[in-house]
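K.L.:
quick one, structure for this:
(one chain, ligands or ions: 3)
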Amino acid sequence: MTEACERPEATAGGAADPGDPAADRLEVRAAVFRGDDGDRLRVETLALAGPSHGEVRVRVRAAGVCGSDRHVLDGEWNVPLPAIMGHEAAGVVEAVGAGVRGLGIGDHVVIAWHQACQRCGECAGGKPWACTRARSNDSLLPDGTTRWRDAGGSEAFPYLAVGAMSEAIVVPEFAAIRIDPAVPFDVASLIGCSAGTGFGAVANNAEVIAGESAVVVGSGGVGLSIIAALRLAGATPIIAVDVSEARLDEARLAGATHALLGGPDLAERVAEITDGGADAAFEAIGRVQTMAQLPELIRPGGRAVFVGLPPEGQKVEIDGLLLAYEGKTIIGSNYGGLVPARDFPRIAAAYRAGMLPLDRLISARVRLDEVNEAFEAMRRGERTRSVIVFD
Ligand SMILES: NC(=O)c1ccc[n+]([C@@H]2O[C@H](COP(=O)([O-])OP(=O)(O)OC[C@H]3O[C@@H](n4cnc5c(N)ncnc54)[C@H](O)[C@@H]3O)[C@@H](O)[C@H]2O)c1
Ligand SMILES: [Zn+2]
Ligand SMILES: [Zn+2]
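P.N.:
Numbers count the residues shown, from 1 in each chain. Ligands and ions are numbered 1, 2, ... in the order given. Take a look at the predicted model:
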């Protein structure tokens, strides 16, 4: 496995002067959120420093539009501004900093948005998503800095340390996971968030096995990824829930055996289909009301997985007595419990084998200039996933 883990440094050159980021500064067009024009982004030209030690510059070829970006634009979460939005990206390595040994120019990569420290107990124990030293939630690279400057020379912050909606990005080598170049870039980008999160929520968090029943509340990009992963795991029945008939049609295509419009009697309808409640339930919207409903959808001993992320500070009300009495488990799912270097290639392999129809999750391919329309379509519930494609 030496080749897969490590490459001789000689083949990993290519930056104008590896180790001298200033010499390799690049002008890139990117979708920037400043919070001074409502929920709208502007496409600006920014200066991106070259990769420092242990970093790579990636030419972005596709960037997905995720519900998490929308939370930021709609003022539900606070992040450092100005923010280069997007965190679901795939592209090609085009420059490497000094000391990079695992990636070379031309490698196809998917970017991980949770950039763990790689050294703490959680990281060493295979739980990078639980690393408390990660700086990516503050939109900073592991060294606590950003590689970006705007036209006025001020710092700009890549959302989740990715800033995917940009022609090029700089990330740590460990956050750029090499994948099979036969996977198209638009599909590959999804692996970096929605498809990765969905796969991980099923395989790593809920540990669903063949023949178990499941219900997924919210059938957007993340929900459909959960449904596709449930199908891969052999779950049945798979019940999709949404408020949009169009989303439910797509849920059937992704592998749902039943599709229900949400409502107050949801628990009864799920109990009827599953003979008393599902083994596993997933919330993939980010609404505290539907999160509170989740334990009612599972049978005694079942698992309720919180994947959707509500606005900051909102509380979920749950019947504690019933939860304990019926031995139900609530699981918080951060990035699907993924180990990106292990799980991204697995997801790509399942797609290549025709077992995970990720291409069906993409409802529109748009240009960077169309980014605001893509978010509007998401707010209207019109599209599952828009993917920004770059030439
Ligand atoms: N835990 C994680 O690591 C993680 C990773 C990625 C995304 N997320 C979160 O997952 C959530 C979903 O993201 P997405 O990109 O799929 O968003 P999305 O907007 O594409 O999907 C949300 C879906 O929920 C549906 N919906 C809205 N209200 C509903 C209701 N009352 N009942 C049933 N369905 C309803 C919408 O029609 C839509 O199909 C967001 O909160 C996002 O931040 C979490
Ligand atoms: Zn760590
Ligand atoms: Zn996301």
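K.L.:
how far away is the residue in the stretch 251-391 of the chain that ligand 1 sits nearest to from Arg61?
P.N.:
Here the residue of the stretch 251-391 of the chain nearest ligand 1 is Gly286; by CB to the nearest ligand atom that distance is 2.6 Å. For every residue, glycine as well, the C-beta is placed using N, CA and C. The spacing between Gly286 and Arg61, counted by CB to CB, to the nearest Å, is 28 Å.
K.L.:
could you list the contact residues of this structure toward ligand 1?
P.N.:
Proximity of the chain to ligand 1, by CB under 6 Å from any ligand atom, involves residues 66-68, 71, 193-194, 197, 217-223, 241-244, 247, 262, 284-287, 290, 307-309, 333-335, 378, 381.
K.L.:
what ranges do the helices span in the stretch 251-391 of the chain?
P.N.:
266-274, 288-293, 320-325, 340-352, 371-379 (DSSP state H, counting those that start in this stretch).
K.L.:
so which residues make contact with the second one?
P.N.:
Contacts to helix 288-293, defined as CB atoms under 8 Å, 6 or more residues apart in numbering, come from residues 217-218, 262, 266-267, 283, 306, 308, 310, 314-318.
K.L.:
give me the buried subset of those residues.
P.N.:
By the neighbour-count criterion of 16 or more other CB atoms under 10 Å, those include these buried positions: Val217, Gly218, Gly262, Leu266, Ala267, Glu283, Phe306, Gly308, Pro310, Val316, Ile318.
K.L.:
and the fifth one, what does it touch?
P.N.:
Listed by CB under 8 Å, 6+ apart, the contact set of Ala267 reads Gly277, Gln293, Glu296, Leu297.
K.L.:
swap in the third one?
P.N.:
By CB under 8 Å, 6+ apart, the residues touching Gly262 are Val217, Val241, Asp242, Val243, Thr290.
K.L.:
roughly how far does Arg25 sit from Arg34?
P.N.:
Computed with CB to CB, the distance linking Arg25 and Arg34 is 22 Å.
K.L.:
so of the helices of the stretch 251-391 of the chain, which one's packed in deepest?
P.N.:
Comparing the helices of the stretch 251-391 of the chain by mean neighbour count (mean count of other CB atoms under 10 Å), helix 340-352 comes out on top with a mean of 20.
K.L.:
hmm, back to that, can you turn the buried part of the residues of the chain next to ligand 1 into a PyMOL selection?
P.N.:
Buried residues within the residues of the chain next to ligand 1, by 16+ other CB under 10 Å, are selected in PyMOL with:
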select buried, resi 66+67+68+71+193+194+197+217+218+219+220+221+222+223+241+242+244+247+262+284+285+286+287+290+307+308+309+333+334+335+378
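K.L.:
in strands, which of the residues of the chain next to ligand 1 fall?
P.N.:
Val217, Val241, Asp242 (DSSP state E).
K.L.:
so what sits opposite the second one in the bridge?
P.N.:
In this structure, Val241 bridges to Val217, Leu260 when assessed by DSSP bridges.
K.L.:
check the burial of Ser136 by counting its neighbours.
P.N.:
Residues contacting Ser136 under the criterion other CB atoms under 10 Å number 23.
K.L.:
got the phi and psi for the residue nearest to it when sequence neighbours are not counted?
P.N.:
Of all residues not flanking Ser136 in the chain, Ala161 sits nearest, at 3.7 Å (CB to CB, 6 or more residues apart in numbering). When read as degrees, to the nearest 10, the backbone of Ala161 gives phi 60, psi 20.
K.L.:
which bits of the stretch 1-150 of the chain sit near ligand 2?
P.N.:
Within reach of ligand 2 by CB under 5 Å from the ion, the stretch 1-150 of the chain has these residues: Ala116, Cys117, Cys120, Cys123, Cys131, Arg133.
K.L.:
buried subset of the residues you listed?
P.N.:
Ala116, Cys120, Cys123, Cys131.
K.L.:
show me the residues you listed that map onto strands.
P.N.:
Going by DSSP E, the strands hold none of those.
K.L.:
who's in contact with the spatially most central residue of the chain?
P.N.:
Note on the chain: the residue nearest the mean C-alpha position is Cys193, at 1.4 Å, using CA atoms, centre = their mean. If a contact means CB under 8 Å, 6+ apart, then Cys193 has Gly64, Cys66, Ser68, His87, Glu88, Trp113, Val222 as its contacts.
K.L.:
rewinding a little: tally up the residues packed near the residue nearest to Ser136, please.
P.N.:
The burial count for Ala161: 28, using other CB under 10 Å.
K.L.:
pLDDT score for it?
P.N.:
pLDDT recorded at Ala161 is 97.
K.L.:
report whether the expected contact of it with Gly144 is present.
P.N.:
No: using CB atoms under 8 Å, Ala161 is not in contact with Gly144, being 10.6 Å away.
K.L.:
which residues do the two both contact?
P.N.:
Shared contacts of Ala161 and Gly144, counting by CB under 8 Å, 6+ apart, come down to Arg135.
K.L.:
before we move on, the earlier item: tell me which of the residues of the stretch 1-150 of the chain next to ligand 2 fall in helices.
P.N.:
Assignment to helices by DSSP state H places the following of those there: Cys123.
K.L.:
could you dump the residues of the stretch 1-150 of the chain next to ligand 2 into a markdown table with distance to ligand 3 added?
P.N.:
Putting these into a markdown table (distance: CB to the ion, whole Å) gives the following:
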| residue | distance to ligand 3 |
| --- | --- |
| Ala116 | 17 |
| Cys117 | 21 |
| Cys120 | 24 |
| Cys123 | 21 |
| Cys131 | 18 |
| Arg133 | 21 |
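K.L.:
wait, which of the residues of the stretch 1-150 of the chain next to ligand 2 is closest to Arg231?
P.N.:
Ala116 (29.5 Å; CB to CB).
K.L.:
Glu155: what's it in contact with?
P.N.:
Counting by CB under 8 Å, 6+ apart, Glu155 touches Thr146, Trp148, Arg149.
K.L.:
go again with 6 Å.
P.N.:
When contacts are counted by CB atoms under 6 Å, 6 or more residues apart in numbering, Glu155 is found next to Thr146.
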